[in-house]
Structures are given as C-alpha cells and as structure tokens.
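*Asks:* Structure for this input, please:
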Amino acid sequence: PNHAAELTAGYYNLDDRDGYRTIARMLKRHHASLNFTCAEMRDSEQSSEAKSAPEELVQQVLSAGWREGLHVACENALGRYDATGYNTILRNARPKGVNKSGPPEHKLHGFTYLRLSDELLQGQNYVTFKTFVKRMHANQ
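*Replies:* Numbering: from 1, shown residues only. Purely as a prediction, here's the structure:
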C-alpha cells in the first residue's frame, strides 16, 4: 500500500501524487515516447499477497503519457493466447472504446506483441490472435 518498490526505484508515487506524470513530463521535454509493459495483465490474476494492481498501474502510466501529449505504446509481458488477455490489451489500447465518428481520443501509438511462438500459431490460438489483430486496427 505504500508503493515500496516505486519508492525504492527513486520515484514518489502515492495515492495523492502521480509519480508517473512527472516522468511523462520529463519524457515530453526530451521529445521521447512512453512504452509500458504488462498490457494484458489483470488484477484478479495476481496474488493478493503481492498487492499488485497491474490494471491500475497500466492505466495510470498510459494516462500520464496521454495527458502530457506523448506518443504512448505498450506491450504484453506474458505469453497469453486467450480472449481475456487480448480484451484487456484492447481496453488499454483504447480506454474510451472505438469512436464511430473518427479516430479515438486516446489510443496507443504502437503495440509490441511479445512471445511469438509455435503455440501461438497453432489451431484456436492463431484464430483468436487474428481476431485480436483485427480488433486492434478497428477504426484506425
């Protein structure tokens, strides 16, 4: 609850202070982009002992980048071949959904799919992946 790992790494990110926004501001000054990982991870899939909240963390980091006008990208951390993981990525890619009247207000500048493997390219895994790719490009 006190964000010990973040404090140990040298940045101050508490409930009343967005430590990632200050990082985003610095990146903006240097004309950099922001790329973050774990876009497929869900809070409910993590051990409660870890006090990890990857969904909240991803949204905080991506939102900080968008608020500062950065190009924001992300990637998956784990090899996932299921619709639940892909849907979590899609929610992070466009938190306000698909805008039928034009490009979405907030969207990823890029997404890196990690863990290309023989398992991904087999049977239903590949069918599910192709659906995910089509949905990532919806209204783009």
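*Asks:* contacts, neighbours, all on C-alpha from now
*Replies:* Noted.
*Asks:* so Ala32 sits in a strand?
*Replies:* No: with DSSP: H, G, I helix; E, B strand; the rest coil as the criterion, Ala32 is coil rather than part of a strand.
*Asks:* Spatially nearest residue to it (excluding sequence neighbours)?
*Replies:* Taking Cα to Cα, 6 or more residues apart in numbering, and ignoring the residues beside it in sequence, Ala32 has Leu70 as its nearest neighbour in space, at 7.4 Å.
*Asks:* What does the pLDDT read for that neighbour?
*Replies:* With respect to pLDDT, Leu70 has a value of 94.
*Asks:* Report the backbone C-alpha coordinates of the lowest-mean-pLDDT helix or strand in the chain in PDB.
*Replies:* The least trusted helix or strand in the chain, going by mean pLDDT, DSSP states H and E, turns out to be helix 4-9, with a mean of 77. Taking only C-alpha atoms (Å, rounded to 0.1, in the frame of the first residue of the first chain), the coordinates of helix 4-9 have been written out as PDB:
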ATOM      1  CA  ALA A   4       7.700   0.500  -1.700                       C
ATOM      2  CA  ALA A   5       9.000  -0.800  -5.000                       C
ATOM      3  CA  GLU A   6       8.500   2.500  -6.700                       C
ATOM      4  CA  LEU A   7       9.900   4.500  -3.800                       C
ATOM      5  CA  THR A   8      13.000   2.200  -3.800                       C
ATOM      6  CA  ALA A   9      13.400   2.800  -7.500                       C
END
